[in-house]
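1. got a predicted model here, sequence first, then my questions.
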Amino acid sequence: MATRIDSNTMALLALRCPRCHQGKLFSHSALNITKFADMPALCPVCNQSFEPEPGFYFGSMYITFAFNVATIFLVGVPLYYFFGNPDTWVYVVTVTVVTLLLTPLILRYSRAMMLYLFGGAHYDPKWQDSGRAVRS
Ligand SMILES: [Zn+2]
């Protein structure tokens, strides 16, 4: 039996289904370089749709952009202040490497935030009792 997560924030951070907070949003490990973005169509626990409409996750590009801007600042500012404003290529290489390393996490959390904010599913701790198979 999986540990019950009541908080939406904790369920999002754990990348769990927005409805049951138990089913995993992604099928494979974030370290699986070819399949880190694969999501099941439905929650394996409660049958909630993970793709409410075709192209639903295009909107997560904006969230990804925000994460990448934050990454540029979080890498660039320490480089400027702690490494004495190095050459431009140092910024470019460092930001590129960090961004590439964080891509699986940024993509996953962007999609999860999109699903939690705009997916139309809400936490239902008694989802088993609702007696309906959700396919919205
Ligand atoms: Zn679920």
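-> Yes, it's here.

2. compute the number of surrounding residues for I106.
-> Around I106 there are 20 other residues, counting by other Cβ atoms under 10 Å. (Glycine included, C-beta is placed from N, CA and C.)

3. quick check: it vs N32, distance?
-> Going from I106 to N32 by Cβ to Cβ, to the nearest Å gives 16 Å.

4. repeat for L107
-> Using Cβ to Cβ, L107 is found at 13 Å from N32.

5. comparing these two, which residue is more hemmed in?
-> Looking at L107 and N32 with other Cβ under 10 Å, you find the greater number of neighbours at L107, namely 20 against 13.

6. who in this protein is up against the ion?
-> Residues of the chain lying close to the ion by Cβ under 5 Å from the ion are C17, R19, C20, G23, C43, V45, C46, Q48.

7. if we go to 6 Å?
-> Residues of the chain lying near the ion by Cβ under 6 Å from the ion: C17, R19, C20, Q22, G23, C43, V45, C46, Q48.

8. list the contacts of the fourth one.
-> Under the criterion of Cβ atoms under 8 Å, 6 or more residues apart in numbering, the neighbours of Q22 are A2, R4, I5, R16, V45, C46.
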